[in-house]
Each structure stands twice: as C-alpha cells, then as structure tokens.
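**Q** Sequence plus the predicted model coming up.
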Amino acid sequence: MNAPKTPCIGICSTTSLGDSVCRGCKRYSFEVINWNSYDEQQKVAVLKRLEKLICQILENKFTIFCEATLESELKRANVPFNVELSPYCWLHNLFKKNKNRIADLRAYGVTARVDHATVPLNELLAQIDSELQLLSEAHLDRYFKIPT
C-alpha cells in the first residue's frame with residue numbers, strides 16, 4: 001500500500017457528536033483524533049479492519065458486476081474512495097455520500113443479491129448501516145475497552 005489515505009468521508013460523528021464509533025467512516029474516536037500521528041503500519045491496520053467489516057456485510061447483499069463503472073461513477077460524483085481497498089469499500093462510500101441520489105444501482109455497476117432485491121434501497125442501507133455500526137461497536141468493546 002502507498003501512503004494510506006484517511007478513510008474519512010466528511011460526515012464525522014466522533015468530533016461533532018461525541019460518538020465512540022464514527023457513523024461515517026466507522027473508525028473509533030481515538031483513531032480519528034490520532035490519525036495524523038499514526039505511522040503507515042497503524043493506518044494500514046485500521047484500513048484493513050474497516051475493509052474486513054464492510055466487506056463482511058456488503059458482499060452478502062450486493063454484487064459488483066462492473067468495477068470500472070463503479071469507479072467512474074464515484075469519480076463523476078466526487079465520492080472519495082481508496083483504490084487499494086475492496087470495491088465494496090468504495091460502494092460503502094457511495095452509499096454514505098450519495099444514497100439519496102441513487103436511482104438505479106445498475107448504473108453504478110452494482111445489483112442487490114436476489115434475497116435483498118425486493119427490499120427498498122433506503123431500508124437496505126439503513127439495515128447495513130445499523131449492522132456495520134453494531135459490528136464496529138462490538139469490535140471496539142471486545143478489543144479496546146478496559147473492563148470496569
């Protein structure tokens with residue numbers, strides 16, 4: 001990986017609302033605060049954890065049938081994404097930044113899997129966000145919280 005970029009997508013809830021897990025990028029508050037002081041290995045570790053959690057959820061609900069289309073549409077819409085991470089991370093950024101502008105997922109090179117195809121996109125995205133937030137918070141509690 002080249003110098004890791006921040007996963008921030010510009011909707012941080014750790015600094016504005018005091019959340020322990022950002023509702024945008026899903027980093028922990030201490031990772032958001034300390035990001036600029038992290039070395040490359042620390043940044044890569046954070047990015048890989050986020051990638052694993054995002055892929056775990058999104059791969060079960062969507063199929064990316066054309067990465068090139070997804071990439072070009074992200075660029076056109078000025079949605080930030082890291083080409084070194086899974087396209088499912090790119091898709092997550094699209095959903096976080098432009099969910100209300102998506103009329104047809106196929107225009108982005110994406111389809112919902114059969115068992116999720118009949119769920120309205122806004123409902124599906126709310127479910128995904130909730131699952132990802134819960135998974136991130138559980139990971140934080142399991143590996144970073146000091147027992148009382």
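**A** Here it is on my side, so go on.

**Q** Buried residues, the helix ranked longest in the chain. List them.
**A** In the chain, with assignment by DSSP state H, the single longest helix is helix 121-143. For helix 121-143, the neighbour count (16 or more other Cβ atoms under 10 Å) marks 121, 124-125, 128-129, 131-133, 135-137, 139-140 as buried. Every residue, glycine included, has its C-beta placed from N, CA and C.

**Q** which residues in this protein form helices?
**A** Taking DSSP H, the helices of the chain run over residues 29-34, 40-58, 67-76, 87-98, 121-143.

**Q** what about the residue nearest to H116 when sequence neighbours are not counted, neighbour count?
**A** Using Cβ to Cβ, 6 or more residues apart in numbering and skipping residues adjacent in sequence, the residue nearest H116 is K61, 4.8 Å away. K61 has 19 neighbours, counted by other Cβ atoms under 10 Å.

**Q** In contact with K61, which residues?
**A** By Cβ atoms under 8 Å, 6 or more residues apart in numbering, the contact list for K61 reads 112-113, 116, 124, 128.

**Q** sorry, back to before: for the longest helix of the chain, give me every contacting residue.
**A** 20-21, 23, 26, 28, 49, 53-54, 56-58, 61, 92, 95, 99, 102, 105, 112, 116, 119.

**Q** Kindly format the C-alpha coordinates of that helix as PDB.
**A** Output of helix 121-143 as PDB, limited to C-alpha atoms (Å, rounded to 0.1, in the frame of the first residue of the first chain):
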ATOM      1  CA  LEU A 121     -32.700   0.600  -1.100                       C
ATOM      2  CA  ASN A 122     -33.200   3.100   1.700                       C
ATOM      3  CA  GLU A 123     -34.300   0.300   4.000                       C
ATOM      4  CA  LEU A 124     -31.500  -1.900   3.000                       C
ATOM      5  CA  LEU A 125     -28.900   0.900   3.500                       C
ATOM      6  CA  ALA A 126     -30.400   1.600   7.000                       C
ATOM      7  CA  GLN A 127     -30.100  -2.100   7.800                       C
ATOM      8  CA  ILE A 128     -26.500  -2.200   6.500                       C
ATOM      9  CA  ASP A 129     -25.500   0.900   8.500                       C
ATOM     10  CA  SER A 130     -27.100  -0.500  11.600                       C
ATOM     11  CA  GLU A 131     -25.300  -3.800  11.200                       C
ATOM     12  CA  LEU A 132     -22.000  -2.100  10.500                       C
ATOM     13  CA  GLN A 133     -22.300   0.200  13.500                       C
ATOM     14  CA  LEU A 134     -23.200  -2.700  15.800                       C
ATOM     15  CA  LEU A 135     -20.300  -4.800  14.500                       C
ATOM     16  CA  SER A 136     -17.800  -1.900  14.800                       C
ATOM     17  CA  GLU A 137     -19.000  -1.100  18.400                       C
ATOM     18  CA  ALA A 138     -18.800  -4.800  19.300                       C
ATOM     19  CA  HIS A 139     -15.300  -4.900  18.000                       C
ATOM     20  CA  LEU A 140     -14.400  -1.800  19.900                       C
ATOM     21  CA  ASP A 141     -15.900  -3.200  23.100                       C
ATOM     22  CA  ARG A 142     -14.100  -6.600  22.700                       C
ATOM     23  CA  TYR A 143     -10.600  -5.400  21.800                       C
END
